[in-house]
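>>> I'd like to go over a predicted model; first the sequence, then the structure.
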Amino acid sequence: MKVIDLTHTIRENMPVYPGTEPPRLTGANSYDKDGFKETYLQMFSHTGTHVDPPAHLYAEGRTLDEFPPEQFIGKAFVIDCRALREGEAIGVEQLKKYGELPKKADFLLFNLGWDKRWGTEAYFGDYPCVDDELLEYIINGKYKGIGFDVIGLDPIADAKLTRHNKLFKACEMINIENLKNLDLCGEGLFWFGCFPLKIDNCDGAPVRAMAWFE
């Protein structure tokens, strides 16, 4: 079995969404003093490679802990959008070249090549986002989730989170952000998992996202 890690490592001073604080990993117990190591974690629920549920935007929306476990596993397909320039939209034409394959997936993952900018100011640039037509296609497609190798479904400049609102108002799926290594997943269907911590009333959580091939 071949496994590809699609997850950024959580560490102090890592890239975080503008206006939030990076995580703090504080030593709580040590080998020398206590005979074991334990770390006190402080971080926002949308740190690093993470999942958004409808409850991220809507008080009545489903929280992550309310989803069944099968929501976070299934067949995925990567849409290669690396030819798009900054500020361009991701449209349905990006899907058409793959024929019927995107319709057979549980998860659509969009490869913008943006993970190569991780750790630089360019990561917070004007990355391409899905347009209204593609968002409607996704909503009507009954997918388990969508994912991106950028920091948001919406542009950073969109404080109203227009796409998040439209997606989560229309359906109960998950949105995965800050993925990496999507260029290693090939052009076919593969197994994908993105399992969050099961936290009560959870509006979002970091995940260990991976692809595997049997």
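Looks like it came in fine. Everything quoted here is computed from the prediction, not taken from an experiment.
>>> use CA for all of it now, contacts and neighbours both
Will do.
>>> Would you state the helices of this protein in chain order?
Listed in chain order, the helices of the chain (DSSP state H) span 31-34, 93-96, 132-140, 162-170.
>>> Residue 67: which of those helices is closest?
Nearest to residue 67 among those is helix 162-170; the distance by Cα to Cα comes to 13.9 Å.
>>> need the strands for the protein, in chain order.
Ranges of strands within the chain are 2-5, 24-29, 38-42, 50-52, 73-80, 89-90, 107-111, 129-130, 145-148, 174-177, 190-196, 205-213, based on DSSP state E.
>>> Pipe those strands into a markdown table and attach mean neighbour count and distance to residue 18 per row.
Formatted as a markdown table, the strands of the chain follow (neighbours: other Cα atoms under 10 Å; distance: least, Cα to Cα, whole Å):
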| stretch | mean neighbour count | distance to residue 18 |
| --- | --- | --- |
| strand 2-5 | 13 | 25 |
| strand 24-29 | 13 | 16 |
| strand 38-42 | 12 | 17 |
| strand 50-52 | 26 | 16 |
| strand 73-80 | 22 | 26 |
| strand 89-90 | 20 | 22 |
| strand 107-111 | 25 | 22 |
| strand 129-130 | 21 | 18 |
| strand 145-148 | 24 | 18 |
| strand 174-177 | 26 | 14 |
| strand 190-196 | 20 | 22 |
| strand 205-213 | 20 | 17 |
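>>> okay if I get those strands as JSON lines plus mean pLDDT?
Shown next, in JSON lines, are these (pLDDT from 0 to 100):
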{"stretch": "strand 2-5", "mean pLDDT": "98"}
{"stretch": "strand 24-29", "mean pLDDT": "97"}
{"stretch": "strand 38-42", "mean pLDDT": "97"}
{"stretch": "strand 50-52", "mean pLDDT": "98"}
{"stretch": "strand 73-80", "mean pLDDT": "98"}
{"stretch": "strand 89-90", "mean pLDDT": "98"}
{"stretch": "strand 107-111", "mean pLDDT": "98"}
{"stretch": "strand 129-130", "mean pLDDT": "98"}
{"stretch": "strand 145-148", "mean pLDDT": "98"}
{"stretch": "strand 174-177", "mean pLDDT": "98"}
{"stretch": "strand 190-196", "mean pLDDT": "98"}
{"stretch": "strand 205-213", "mean pLDDT": "98"}
